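generate a structure from the sequence data that follows.
(one chain, ligands or ions: 2)
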Amino acid sequence: MARTLQEIETMRGTDREVRLVGPVELTVVLPTFNERDNVEPLIERLEEVLAGIAWEAIFVDDDSRDGTAEHVRGIGRRKPNIRCLQRLGRRGLSTACIEGILASSAPFLAVMDADLQHDETLLPRMLAALKSEELDIVIGSRYAAGGGLGDWDRSRARISKFATRLSRLVVKVDLSDPMSGFFVIRRPAFEAAVRDLSGQGFKILIDLFASAPRPLAFKELPYQFRQRQHGESKLDTLVAWEYLQLLLDKLVGHIVPVRFALFAMIGGLGLVVHLAVLGLVLNLAGVGFTVAQSVATMTAMTSNFLLNNWFTYRDRRLHGWRLLGGLLSFYVVCSIGAVGNVGIAAYVFYADQSWWLAGVAGAIVGSVWNYATSAVFTWRAR
Ligand SMILES: Nc1nc2c(ncn2[C@@H]2O[C@H](COP(=O)(O)OP(=O)(O)OP(=O)(O)O)[C@@H](O)[C@H]2O)c(=O)[nH]1
Ligand SMILES: [Mg+2]
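Ligands and ions are numbered 1, 2, ... in the order given. Now for the predicted structure:
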């Protein structure tokens with residue numbers, strides 16, 4: 001393969017210094033969260049398989065506690081084609097991939113896990129296919145003939161199959177492995193979709209297919225998913241939750257923002273909590289109504305805050321002292337919301353005499369206020 005990149009190599013002490021001159025053809029975007037021990041072996045493997053290609057790696061690190069970002073920067077000081085994009089106060093695999101791609105100028109963009117589970121030897125073939133055929137994207141597939149899940153247990157394989165089937169709700173083409181996080185895409189195809197991406201959760205490939213303005217021309221190449229060698233999996237039950245949010249966003253997000261729908265659902269649940277606590281305290285504690293109502297209100301506000309912090313704002317989840325500060329600001333926001341709710345309801349009631357219309361109007365104004373102001377004051381994006 002023709003060498004499109006000139007490498008200027010000098011020996012400095014025992015360190016081989018490589019300086020790259022010329023345009024980068026392929027950027028490999030590698031999202032990381034606590035993957036320090038995988039970084040070096042991964043770079044070595046990429047250097048081996050991508051020899052002769054003008055490539056760079058962008059590690060997008062969400063402020064890992066194990067020093068992944070600093071480690072990558074240390075390597076980057078010797079190897080300028082290794083870069084780190086460190087994000088503070090945020091988590092999210094899809095947004096990490098999106099921002100990594102946006103930080104690159106290359107015409108071909110690979111997305112790959114940084115834990116050595118994806119087979120990097122596929123990369124040159126993926127790139128070659130994109131360059132020689134009329135394709136937008138080439139995907140590494142565990143389900144195409146010749147691919148495999150490695151040593152996954154049966155229940156994980158079954159969940160993955162089920163999630164794959166669910167993806168048909170939003171991805172209309174016949175992908176064998178829409179849950180794959182391993183692909184190479186052409187820049188124009190990415191740019192055409194980028195403003196409509198949901199960025200929700202782990203499944204960037206589904207997001208891309210569901211957001212592309214025209215069907216993407218794709219090809220799948222099989223590979224065997226490897227076992228993780230170092231570090232821990234970041235998969236938890238909330239990944240499934242985020243996946244549902246992504247599907248919901250793609251299905252109804254143009255009508256109502258998914259975050260607001262979740263916020264409102266949790267608000268509805270808060271009403272149930274409120275009534276349950278009110279009933280319990282009134283009947284069991286033998287206190288007056290005002291005290292019981294106050295306890296119920298505080299409990300419902302606190303549980304709403306915690307549920308929103310856990311589910312609605314998982315990507316901006318507050319911890320430690322910030323959790324406490326967030327809770328206090330949420331109390332203030334909701335108290336003002338309650339005043340607005342009662343004011344609007346009273347206004348509608350005296351104008352219209354319809355108690356349920358007044359109640360609904362008050363509840364809508366209150367919840368929109370709570371949602372909008374808590375987004376700014378409680379869970380503001382940093
Ligand atoms: N930047 C960033 N990277 C993440 C985040 N969550 C996971 N990653 C990275 O994304 C890649 C895939 O995550 P994994 O936890 O390995 O998920 P998986 O491969 O589906 O699951 P396992 O098979 O259990 O490893 C890894 O390189 C992680 O370090 C995140 O919130 N932010
Ligand atoms: Mg993994």
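
wouldn't residue 366 be in contact with residue 335 here?
No. The criterion here is C-beta atoms under 8 Å, and residue 366 misses it with residue 335 at 10.7 Å. For glycine as for every other residue, the C-beta is placed from the backbone atoms N, C-alpha and C.

contact residues of the stretch 51-200 of the chain facing ligand 1?
Residues of the stretch 51-200 of the chain found near ligand 1 (C-beta under 6 Å from any ligand atom) are 60-62, 91-93, 96, 113-115, 117.

ok, back up a step: residue 366 and residue 335: which is more packed in?
residue 366 (22 against 13; other C-beta atoms under 10 Å).

with adjacent residues omitted, what lies nearest to residue 326?
Once flanking residues are discounted, residue 326 sits nearest to residue 318: 4.3 Å by C-beta to C-beta, 6 or more residues apart in numbering.

element containing that neighbour?
Assessed by DSSP states H and E, residue 318 sits outside every helix and strand.

output the residues of the stretch 51-200 of the chain next to ligand 1 in a markdown table; the columns should cover distance to ligand 2, pLDDT and neighbour count.
Shown next, in a markdown table, are those (distance: C-beta to the ion, whole Å; pLDDT from 0 to 100; neighbours: other C-beta atoms under 10 Å):
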| residue | distance to ligand 2 | pLDDT | neighbour count |
| --- | --- | --- | --- |
| 60 | 15 | 98 | 28 |
| 61 | 15 | 98 | 29 |
| 62 | 15 | 95 | 23 |
| 91 | 15 | 86 | 15 |
| 92 | 16 | 89 | 23 |
| 93 | 10 | 93 | 23 |
| 96 | 14 | 97 | 26 |
| 113 | 5 | 96 | 19 |
| 114 | 9 | 95 | 25 |
| 115 | 4 | 93 | 24 |
| 117 | 4 | 93 | 19 |
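
which of these sits closest to residue 277?
Comparing these against residue 277 with C-beta to C-beta picks out residue 91 as the nearest, at 32.0 Å.

same for the longest helix along the chain, what does it pack against?
The residue-count maximum for a helix in the chain (DSSP state H) belongs to helix 320-352. In terms of contacts (3 or more C-beta pairs under 8 Å, 6 or more residues apart in numbering; DSSP states H and E), helix 320-352 is packed against helix 289-307, helix 355-377.

on that earlier part again, for the residue nearest to residue 326, what are its contacts?
309, 325-326, 378-379 (C-beta atoms under 8 Å, 6 or more residues apart in numbering).

re earlier: among the residues of the stretch 51-200 of the chain next to ligand 1, which ones are in helices?
Checking these against DSSP H, those in helices are 93, 96.

restricted to strands, list the residues of the stretch 51-200 of the chain next to ligand 1.
60-61 (DSSP state E).

for the record, mean pLDDT for the longest helix of the chain?
For helix 320-352, mean pLDDT rounds to 92.

kindly report the same for stretch 81-89.
95.

buried ones in it?
For stretch 81-89, a neighbour-count test (16 or more other C-beta atoms under 10 Å) marks 81-87 as buried.

for the chain, which residue gets nearest to ligand 1?
residue 233 (2.9 Å; C-beta to the nearest ligand atom).

residues near that residue, how many?
Residues near residue 233, counting by other C-beta under 10 Å: 9.

what do you get for the one 10 residues further on?
Neighbourhood size, residue 243 [other C-beta under 10 Å]: 19.

give me the three-state assignment for it.
helix (DSSP: H, G, I helix; E, B strand; the rest coil).

relative to residue 82, how far out is it?
31 Å (C-beta to C-beta, to the nearest Å).

residue contacts, the residue nearest to residue 35 when sequence neighbours are not counted?
Using C-beta to C-beta, 6+ apart and skipping residues adjacent in sequence, the residue nearest residue 35 is residue 114, 4.7 Å away. Contact analysis of residue 114 by C-beta under 8 Å, 6+ apart lists 30-32, 35, 38-39, 42, 59.

repeat that for 6 Å
Listed by C-beta atoms under 6 Å, 6 or more residues apart in numbering, the contact partners of residue 114 are 30, 32, 35, 38, 42.

which positions in stretch 291-309 come out as buried?
Those would be 292-293, 295-297, 299-301, 303-305, 307-309, for stretch 291-309 by 16+ other C-beta under 10 Å.

output stretch 138-151 as PDB, nothing but the C-alphas.
Backbone C-alpha positions of stretch 138-151 (Å, rounded to 0.1, in the frame of the first residue of the first chain) are rendered in PDB as follows:
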ATOM      1  CA  VAL A 138     -18.200  -0.900   7.100                       C
ATOM      2  CA  ILE A 139     -19.200  -2.700  10.300                       C
ATOM      3  CA  GLY A 140     -17.500  -5.400  12.300                       C
ATOM      4  CA  SER A 141     -20.200  -8.000  12.900                       C
ATOM      5  CA  ARG A 142     -20.300 -10.700  15.600                       C
ATOM      6  CA  TYR A 143     -23.300 -12.300  14.000                       C
ATOM      7  CA  ALA A 144     -22.300 -12.500  10.300                       C
ATOM      8  CA  ALA A 145     -21.100 -15.900   9.100                       C
ATOM      9  CA  GLY A 146     -17.600 -16.400  10.600                       C
ATOM     10  CA  GLY A 147     -18.100 -14.000  13.500                       C
ATOM     11  CA  GLY A 148     -18.700 -14.900  17.100                       C
ATOM     12  CA  LEU A 149     -19.400 -13.800  20.600                       C
ATOM     13  CA  GLY A 150     -16.400 -15.400  22.200                       C
ATOM     14  CA  ASP A 151     -17.100 -16.800  25.600                       C
END
